[in-house]
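Colleague: coords please:
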Amino acid sequence: MAKAPTIITGRVAAITGAGRGIGRETARAFVREGMKVAVGDLDLAAAKEVAAELGDRAVAIEVDVTRHESVEAFLDAAEQQLGPLDVVVNNAGIMQLGWFNEEDDRTAQRMIDINLHGVIFGTKAALARMEPRNHGHIVNIASQAGVFGTPGGATYSATKHAVVGLTEAVRGEMRLRGVGVKLSYVLPAVVNTELGSGLQRNPGIKQLEPSDVADAIVHGLRHGTVDIWVPKAVKPMSRISGLLPRRVAEAFSRAMKADRVLAQVDEGARRAYELRASRSEPGLEPADTVPELTESA
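Modeller: Numbers count the residues shown, from 1 in each chain. The predicted structure follows:
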């Protein structure tokens with residue numbers, strides 16, 4: 001007998017990086033489902049704009065996911081204002097692209113701090129609240145680049161591979177310890193967000209909107225899905241590819257131009273995003289190459 005879907009109406013959620021993109025759409029989807037949402041973002045003005053749009057079921061809270069104490073304070077404030085957390089979505093992330101051997105070390109550190117440490121801190125902080133209650137669901141936003149590895153985004157791919165491995169490992173720990181906290185990770189293809197601006201489109205995969213990812217997260221929460229692929233059709237394709245000899249799988253990838261998605265980008269279209277991403281971690285000065293991204297360059 002199929003397991004009945006989990007009821008999420010009335011649940012309380014906190015989302016990092018919710019001032020724009022996938023995080024914003026997920027907050028919208030949660031409120032539509034009758035949930036209460038803490039909209040977390042380093043850009044407090046953006047978070048306030050989203051919360052104001054969503055009404056009295058949402059609150060805006062500043063959070064810097066590169067600092068564990070900031071993440072703890074974010075979840076504390078969310079619970080103080082909305083009640084005990086049922087769902088935490090570790091969504092905040094950046095993607096700076098380029099050939100690996102030309103990548104500035106500070107750029108790599110920035111992506112690791114936000115994309116990986118942010119998820120580690122968010123997962124630990126969420127577990128500290130959920131484990132004593134033996135209840136909760138943690139959703140970590142990864143990427144299909146975290147399964148396949150994508151040229152042009154080596155460090156980004158590495159951080160997302162790490163998010164997948166982290167989530168699987170912690171999920172296994174919860175099972176071994178008999179703890180009822182669920183964990184999922186989300187694997188979107190290219191999404192029509194600022195982060196995805198200027199990227200090659202894979203002709204075999206539909207153009208994704210942030211709302212598509214948000215809807216998939218809602219479905220994953222209801223059904224306890226561990227690996228949430230967006231779109232779903234890529235999941236069986238991935239499994240089939242894994243059974244093929246490497247040379248055949250790689251030839252198929254090249255035929256689909258999947259190896260060019262992050263390697264051949266419209267740099268002009270990405271200029272504004274790359275500049276903002278380079279300034280998204282307050283603890284680091286922008287890399288030396290940042291001035292080249294300004295309008296005057």
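
Colleague: C-alpha only now, for contacts and for neighbours.
Modeller: OK.

Colleague: send the alpha carbons of the top helix by length along the chain over as PDB?
Modeller: Counting residues, the longest helix found in the chain (DSSP state H) is helix 154-177. Output in PDB follows, covering the C-alpha atoms of helix 154-177 (Å, rounded to 0.1, in the frame of the first residue of the first chain):
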ATOM      1  CA  ALA A 154      34.800  22.500 -11.600                       C
ATOM      2  CA  THR A 155      34.800  24.000  -8.200                       C
ATOM      3  CA  TYR A 156      31.000  24.600  -8.300                       C
ATOM      4  CA  SER A 157      30.600  21.000  -9.300                       C
ATOM      5  CA  ALA A 158      32.800  19.900  -6.500                       C
ATOM      6  CA  THR A 159      30.700  21.800  -3.900                       C
ATOM      7  CA  LYS A 160      27.500  20.300  -5.200                       C
ATOM      8  CA  HIS A 161      29.000  16.800  -5.300                       C
ATOM      9  CA  ALA A 162      29.800  17.500  -1.600                       C
ATOM     10  CA  VAL A 163      26.300  18.500  -0.900                       C
ATOM     11  CA  VAL A 164      25.000  15.200  -2.300                       C
ATOM     12  CA  GLY A 165      27.500  13.200  -0.300                       C
ATOM     13  CA  LEU A 166      26.900  15.100   2.900                       C
ATOM     14  CA  THR A 167      23.100  14.700   2.600                       C
ATOM     15  CA  GLU A 168      23.400  10.900   1.900                       C
ATOM     16  CA  ALA A 169      25.800  10.400   4.800                       C
ATOM     17  CA  VAL A 170      23.800  12.400   7.400                       C
ATOM     18  CA  ARG A 171      20.600  10.600   6.200                       C
ATOM     19  CA  GLY A 172      22.400   7.300   6.900                       C
ATOM     20  CA  GLU A 173      23.400   8.500  10.300                       C
ATOM     21  CA  MET A 174      19.800   9.400  11.100                       C
ATOM     22  CA  ARG A 175      18.700   5.900  10.100                       C
ATOM     23  CA  LEU A 176      21.500   4.200  12.100                       C
ATOM     24  CA  ARG A 177      20.700   6.200  15.200                       C
END
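
Colleague: check which helices and strands that helix is in contact with.
Modeller: For helix 154-177, the elements it packs on are helix 105-111, strand 137-141, helix 145-148, strand 182-188, judged by 3 or more C-alpha pairs under 8 Å, 6 or more residues apart in numbering; DSSP states H and E.

Colleague: nearest to E274, out of the ones you listed?
Modeller: With C-alpha to C-alpha as the measure, helix 105-111 is the member of the helices and strands packed on helix 154-177 nearest E274 (10.4 Å).

Colleague: chain neighbours aside, what residue packs nearest to I61?
Modeller: Closest residue in space to I61, ignoring its immediate chain neighbours: G40 at 4.9 Å, by C-alpha to C-alpha, 6 or more residues apart in numbering.

Colleague: did I read that right, the one you found in a strand?
Modeller: Yes. Under DSSP: H, G, I helix; E, B strand; the rest coil, G40 sits within a strand.

Colleague: what about it, how many neighbours?
Modeller: For G40, the count of nearby residues is 35 (other C-alpha atoms under 10 Å).

Colleague: who's in contact with it?
Modeller: Going by C-alpha atoms under 8 Å, 6 or more residues apart in numbering, G40 touches 14-19, 47, 60-63, 74.
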